[in-house]
Structures are given as structure tokens and as C-alpha cells.
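Chemist: Got a predicted structure here, sequence first:
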Amino acid sequence: MNTITLTTPLTEQKAQSLSAGVHVLLSGILYTARDAAHKRLCSLINEGKELPITLQDQVLYYVGPTPARPGKPIGSAGPTTSCRMDAYSPLLMEKAGVRGMIGKGDRSRQVIDAMKKFGCVYFAAIGGAGALLAECITKADIVCYDDLGPEAIYKLEVVQFPVIVAIDTHGNSCFAKRYC
Amino acid sequence: MKTIIFKDIARHTAELCIKANTELPGDVLSSLEASLRKEKNELARSILATCIKNAEIAKEEKTALCQDTGFAVFFVEIGDNVRIAGGTLYEAINEGVAKGYADGYLRKSIVKDPLYDRINTSDNTPAVIHIDLVPGDMLKITLAPKGGGSENMSALTMLKPSDGEQGVIDFVVNTVVKAGANPCPPSIVGVGIGGTVEKCALLSKKALLRPVEEPNPDKRYARLEAKILKKINSSGIGPQGLGGVTTALAVHVETFPCHIASLPVAVNLNCHAARHVSVTL
């Protein structure tokens, strides 16, 4: 398998160089966000207000972790279903500069079109492998929306976090046309 | 009459919550290992191997297999000679869920109102509790924590009796294909056929409790299960929707008599972290 290593933040050039199907070991910072956090971020953008975090060239990870046991940075932390974020993702690419997304499952046509237009890449992490993925997270701090519990936005530090380029910035997809 | 103490039920329930979420059942693990031996697709093989490794880490570290530690769904069989001292069965189970999800560092994923007040209840209650009254003096509690991703891909239809076996096959296969990568394949496909609308849905969930690869005892339905599984696994969806022949580990059909006018079919999908555990008091 073709595996490469990458460090976040991702520049547009780095994102553009990734092809669907490539295995990537990501290191650096990821920001977590699920449905409720996406809704809040997009509301702020629509109201013309400033976001609580800078997302230019950052990678969002769709995850709501379990609580950390004492001595651990985080609990189980695998991806959630990405299509629930489809309604929000294009706006975050266009207005906030989000460069990468990590989740599980396919994306909508609108999201893929926006990825091509704004140079954003979609990675798949392995759903249901939350215990294994947590081993690659070395630090987790809540940066905003604490009231959302598991849906708060965390800043994660990751080391060689395994993902697959599921849909690249050119719209090539690992999910396409496999189904009967 | 046998008396079972409220606190004992709560304590055992809490233990079930932790065990279910950190230890993959042996039948599911064996099935993943068998799939790995059969799977040729390189990416699919690496995903299956990751799922197996994940189960090892979860057990060792007592970390949840999946961060979605689910809705706590209980199937309870209570003997008609059992009396509960100190409170109701519902209260005991909910107390156990709150304790188990706190002590086990499990995620609280329940909001108190589905539409207007989506505020987290903070202790993963209330549980969904199905109770069957059975003869005897035993209390059997089965917990099957159910993740949202796979639950969201479930479906129910009221077929016409004339749609027959082909209608059932088409509906189940289309539901799985439409779900694609979302329910975290390889999945377990629970199918309910017959009954009324709510009975049928419940059958499809109960079907997920049967040990993986144990066929329906009725040979006709065992053949139907095999036929549907073959079709699903030829779809090419594969583990995580990234290709391969392992889209489902098993199809389990459960049935109930039904009305002369009806042929209800329900499909309840479970992810590869197909958790279920029981205790008998």
C-alpha cells in the first residue's frame, strides 16, 4: 500500500497533491466538530461574526470522543458519519478556509463540487476503530462549545493518525460506482 | 416467589454497560477473522485487520471499542415468579446505565427531546427497555448498545403479500446498498418479517442478538439469509464502503405471523462493533 506522511496545517498545494486511495499518516493539529458545532460555526458565518477558532488550512475531524480515563488524553475517538455535515461543509470551505475533513462514509455532490472549487480533501478514518485511533492522539483540549459535551470542539494533537484519501481535491473518489 | 434486590439489578446493569462497550463478542471477532481469510482486496484486508486490532486494544485498555457507545437497548426476560424489592425494573436499569456510563468512561449520547430541546441528558438515560414475561423465577438482562450511524440506516416497509420472497430480498439488499459506508460495514443485517409495524421493527433488532453466522432454525429462512448475504457481499461496498467482498458478516431473519393483507419487512443494521452481552440473575 502506498503510504505517505503529512503534517497539518495543510496548504492548498499539499492538499492538491493527494490522490484518492492513498494512505496517509497525519501528524499535527486536528479540530473536532460534529453536527452541533458545525451548526454554530455556520450560524456565526451567516451572521457575519468572527469564528472562535481560525480554520484556514486546518483539518476538521468529525468525532465525539468518549471521556478520557485518568492519565489518558482522550477516550475512544473514531469518526462519525460525514454526510450529516454535508449541509455545512461547503460554507466552511468557502468562508473559513477548511482544507481537510476526516470522517466516514461518502459525501454529497455539493460537497465534492465545493472540495474541487476550494481545494479541500476528504479523508476516511476507520469507523468503529475508536480505541485504536485514540492511541494516535497525544493531547486533547476543549477550545470552545464546552456545553455540547462530546460535541464540543477539541484541539487534538495527533501523531501518525491513519487515514485514507477517500475523495481528493479533483473529485476522484474511492466510493464511486462500486455499488450494484 | 423469588425476590431480586433493586440494587443488584442496577449493579449488574452497570457492569453490562462497561463489558458490552469494551469487549467485542467472540462470535463477532471470529467472524471478522474468517472474513479476513476470505477477503482478497488489499484495502479491505487492512481495514478488517484494524478492526480486529481495535478489539484487542479496547479490551486491554478498557477503552470503548467505538466512541459511539450508543443508545442502551435492553431485552429483559422476567420470570412470572420474580418480585423486585426496592423499586421498579425500569428504575433499576436506568440507574445502572447512569452508573455504568459514568464509571466506564463511556459517551453520553442521548438528548432529552428529539426535535425542540436537543439537550444531552448527561448520563445516557433513558435506556430503551423491552420486557418479556416468561415462566419461572429467572431475570435475564441483555444489553445491546446501539450506535447512531448504523441505526440511522435502518428501514421498514409494508410490502404487498404478492411481492413475496423477491420483494423481501430486493428491499433488504437495496437498504444495505443505499446505506453504503455509513453503517460501518462489515455490518450485521437484522431483518424482521411479519407481525405489525412495531412488532416487525422489534424483530429486526432482536435478530441482531443471535450469534453471528448461526442460521435461522427454519431451513427456508436459513436459505433466504444465505441468498441475501451473497447478494449483499457481491455489491462491492466492502469494509467502510471502500471496496471488497465483506459488506456484511451475517444476515439474520426473524419472523412472526402476520395479517392476511400484510407483509411487513424491517431492516436494522448493526456495525462491525456488534455489541451484546447478557446476565442472568
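Modeler: Sure thing, it's come through.

Chemist: When you work out contacts or count neighbours from here on, use the C-alpha atoms and nothing else.
Modeler: OK.

Chemist: which residues in the chain form helices?
Modeler: I went with chain A, as the question did not name one. A:12-16, A:35-46, A:89-96, A:109-118, A:130-134 (DSSP state H).

Chemist: not quite, I wanted chain B
Modeler: All helices of chain B, identified by DSSP H, fall at B:6-22, B:26-38, B:42-61, B:89-103, B:148-151, B:164-179, B:197-206, B:219-233.

Chemist: any chance of those helices in a markdown table, with mean pLDDT too?
Modeler: Output for these, formatted as a markdown table (pLDDT from 0 to 100):
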| stretch | mean pLDDT |
| --- | --- |
| helix B:6-22 | 98 |
| helix B:26-38 | 97 |
| helix B:42-61 | 96 |
| helix B:89-103 | 98 |
| helix B:148-151 | 95 |
| helix B:164-179 | 97 |
| helix B:197-206 | 98 |
| helix B:219-233 | 98 |
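
Chemist: just so I know, which of these lies nearest A:Ala15?
Modeler: helix B:42-61 (21.7 Å; CA to CA).

Chemist: Please identify the buried residues of the closest one?
Modeler: In terms of neighbour count (16 or more other CA atoms under 10 Å in any protein chain shown), helix B:42-61 has its buried residues at B:43-45, B:47-48, B:50-52, B:54-59.

Chemist: how much space between B:Ala64 and chain A?
Modeler: Distance of B:Ala64 to chain A, computed by CA to the nearest CA, to the nearest Å: 6 Å.

Chemist: Centroid-wise, who is the farthest residue in chain B?
Modeler: B:Met1 (32.3 Å; CA atoms, centre = their mean).

Chemist: what's the neighbour count on the closest residue to it other than its chain neighbours?
Modeler: Counting by CA to CA, 6 or more residues apart in numbering or on different chains, B:Met1 lies nearest to B:Asn81, which is 4.8 Å off, once chain neighbours are set aside. Each residue near B:Asn81 was counted by other CA atoms under 10 Å in any protein chain shown, and the total is 15.

Chemist: just checking, B:Asn81 touches B:Gly136?
Modeler: Yes. With contact defined as CA atoms under 8 Å, B:Asn81 and B:Gly136 form a contacting pair (5.6 Å).

Chemist: packing partners for the longest strand along chain A?
Modeler: Criterion DSSP state E: the longest strand present in chain A is strand A:153-167. Packing partners of strand A:153-167 (3 or more CA pairs under 8 Å, 6 or more residues apart in numbering or on different chains; DSSP states H and E): strand A:23-32, strand A:121-124, strand A:137-144.

Chemist: still on that earlier bit, and chain A, which of the helices of chain B is closest to it?
Modeler: Across the helices of chain B, chain A has its closest neighbour in helix B:42-61 (4.9 Å, CA to the nearest CA).

Chemist: just the angle between the closest one and helix B:26-38, please?
Modeler: For helix B:42-61 against helix B:26-38, the angle by axes from the mean of the first three to the mean of the last three CA atoms, to 10 degrees is 150 degrees.

Chemist: close to chain A, is helix B:42-61?
Modeler: Yes. Residues of helix B:42-61 contacting chain A under CA under 8 Å from any CA of the partner chain: B:Glu42, B:Leu43, B:Ile47, B:Thr50, B:Cys51, B:Lys53, B:Asn54, B:Ala55, B:Ile57, B:Ala58.

Chemist: Chain B contacts on chain A?
Modeler: Going by CA under 8 Å from any CA, the residues of chain A near chain B are A:1, A:64-69, A:75-78, A:80-81, A:104-106, A:126-132, A:148-150, A:174-175, A:178-180.

Chemist: circling back: okay, the helices of chain A in a markdown table with mean pLDDT and mean neighbour count next?
Modeler: Output for these, formatted as a markdown table (pLDDT from 0 to 100; neighbours: other CA atoms under 10 Å in any protein chain shown):
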| stretch | mean pLDDT | mean neighbour count |
| --- | --- | --- |
| helix A:12-16 | 96 | 16 |
| helix A:35-46 | 97 | 17 |
| helix A:89-96 | 98 | 20 |
| helix A:109-118 | 97 | 18 |
| helix A:130-134 | 97 | 28 |
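
Chemist: so what's the residue nearest to B:Met1 up against?
Modeler: Listed by CA atoms under 8 Å, 6 or more residues apart in numbering or on different chains, the contact set of B:Asn81 reads B:Met1, B:Lys2, B:Pro135, B:Gly136, B:Asp137, B:Met138.

Chemist: quick one: which of those residues is nearest to chain A?
Modeler: Of the contacts of B:Asn81, the one sitting nearest to chain A (CA to the nearest CA) turns out to be B:Met138, at 33.8 Å.

Chemist: In the sheet, which residues pair with the closest residue to the closest one other than its chain neighbours? Tell me.
Modeler: Once flanking residues are discounted, B:Met138 sits nearest to B:Gly79: 5.2 Å by CA to CA, 6+ apart. Here B:Gly79 sits in beta bridges with B:Val134, going by DSSP bridges.

Chemist: what's the answer for B:Ser187, then?
Modeler: B:Ala248.

Chemist: Within range of chain A, give me the residues from chain B.
Modeler: Within chain B, the positions near chain A by CA under 8 Å from any CA are B:42-43, B:47, B:50-51, B:53-55, B:57-58, B:63-69, B:105-109, B:120, B:149, B:177, B:180-182, B:184, B:234-237, B:240-243, B:271-273.

Chemist: Are any of these buried, and if so which?
Modeler: Neighbour counting with 16+ other CA under 10 Å marks B:43, B:47, B:50-51, B:54-55, B:57-58, B:63-69, B:105-109, B:120, B:149, B:177, B:180-182, B:184, B:234-237, B:240-243, B:271-273 as buried within those.
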